[in-house]
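# Got a predicted structure here, sequence first:
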Amino acid sequence: MKLNYGLLLLSLIASAAMATETPDYQVLSTEGKFELREYPALAIVRTASGDGDFMRLFRYISGQNATEEKIAMTAPVLVQRQGESEGMSFIMPGEMTTSGVPAPENKGLTIDTIPPGRFAVYRFSGWQTEKNEKEALAALLTWMQKSGLKPEGTPYFGYYDPPWIPGFFRRNEVMLRLPPPAP
């Protein structure tokens, strides 16, 4: 029996991606790699320091929190940049609300909520690089302008895949909040 390594690799990648919880959202419209989505409120644990953010957050979900509770990893990992500062957030599993999230032991972490709302989203692949993020954000802003959509706030970059996934298979997104619809 001949083994197809390409098929095996695709199968492993797909099973790793399917095992991780992602937030629920409603797709309002799709145009190629662009979507309008409605998200519920999302409980997050956030750090705004820059260096070592991922490991600080990972230790938190691994039990370095007030209740020593292990919390399932979810996707995407959110990165938010504003000027020279950078913040990273882990989204808590869907059954957790902000009041149910254990307090962090690390003073560099905070519990927060991303309020519910509509977002314009662009999906892209590749590694987490400044060049890829700039190009993705430019594509999203161009599409939003063409579609008559006005962004609100700073973008979130969402990274869905573990580091061993090859760049061309990676699922990444850039998201910009939209103002609430007029009544």
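It's in. A quick note: this is a predicted structure, and the numbers were derived from the prediction, not measured.
# Which other helices and strands does the longest helix along the chain contact?
Looking across the chain with DSSP state H, the single longest helix is helix 130-146. Other helices and strands packing on helix 130-146, by 3 or more C-beta pairs under 8 Å, 6 or more residues apart in numbering; DSSP states H and E, are strand 117-124, strand 152-159, strand 172-177. From N, CA and C alone the C-beta is placed, and that goes for glycine too.
# Off-centre distance for that helix?
16 Å (C-alpha atoms, centre = their mean, to the nearest Å).
# Kindly provide the whole-number mean pLDDT of it.
Confidence for helix 130-146, expressed as mean pLDDT, is 97.
# can you give me the angle that helix makes with strand 117-124?
Interaxial angle, helix 130-146 versus strand 117-124 (axes from the mean of the first three to the mean of the last three C-alpha atoms, to 10 degrees): 130 degrees.
# May I see the buried residues of helix 130-146?
Neighbour counts over helix 130-146 (16 or more other C-beta atoms under 10 Å) mark 132-133, 136-137, 140-141, 143-144 as buried.
# closest to residue 58 among the residues you listed?
residue 133 (21.6 Å; C-beta to C-beta).
# Next up, the contacts around that closest one.
Residue 133 sits next to 81, 157, 174 when contact means C-beta atoms under 8 Å, 6 or more residues apart in numbering.
# same deal with residue 91?
23, 42-44, 74-76, 78 are the contacts of residue 91 under C-beta under 8 Å, 6+ apart.
# With pLDDT as extra columns, can I get those in TSV?
Formatted as TSV, those follow (pLDDT from 0 to 100):
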residue	pLDDT
23	94
42	95
43	95
44	95
74	95
75	95
76	96
78	95
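# Relative to the whole chain's centre, how far out is stretch 128-139?
Worked out by C-alpha atoms, centre = their mean, stretch 128-139 lies 15 Å from the chain centre.
# heads up, I number from 8, so please use that
Right, with 8 as the first residue, what we last looked at is stretch 135-146.
# Would you state the strands of this protein in chain order?
Along the chain, counting by DSSP state E, strands occupy 33-38, 41-46, 49-54, 84-89, 92-98, 116-121, 124-131, 159-166, 179-184.
# okay if I get these as CSV plus distance to residue 66?
As requested, the strands of the chain are exported to CSV (distance: least, C-beta to C-beta, whole Å):
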stretch, distance to residue 66
strand 33-38, 33
strand 41-46, 27
strand 49-54, 11
strand 84-89, 14
strand 92-98, 11
strand 116-121, 9
strand 124-131, 29
strand 159-166, 18
strand 179-184, 24
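# Compare those strands and give me the one nearest residue 68.
Of all the strands of the chain, strand 92-98 comes closest under C-beta to C-beta, at 6.3 Å.
# Quick check: mean pLDDT of that closest one?
88.
# Low-confidence stretches in the protein?
8-26, 56-58, 90-92 (pLDDT under 70).
# Okay then, goodbye and thanks.
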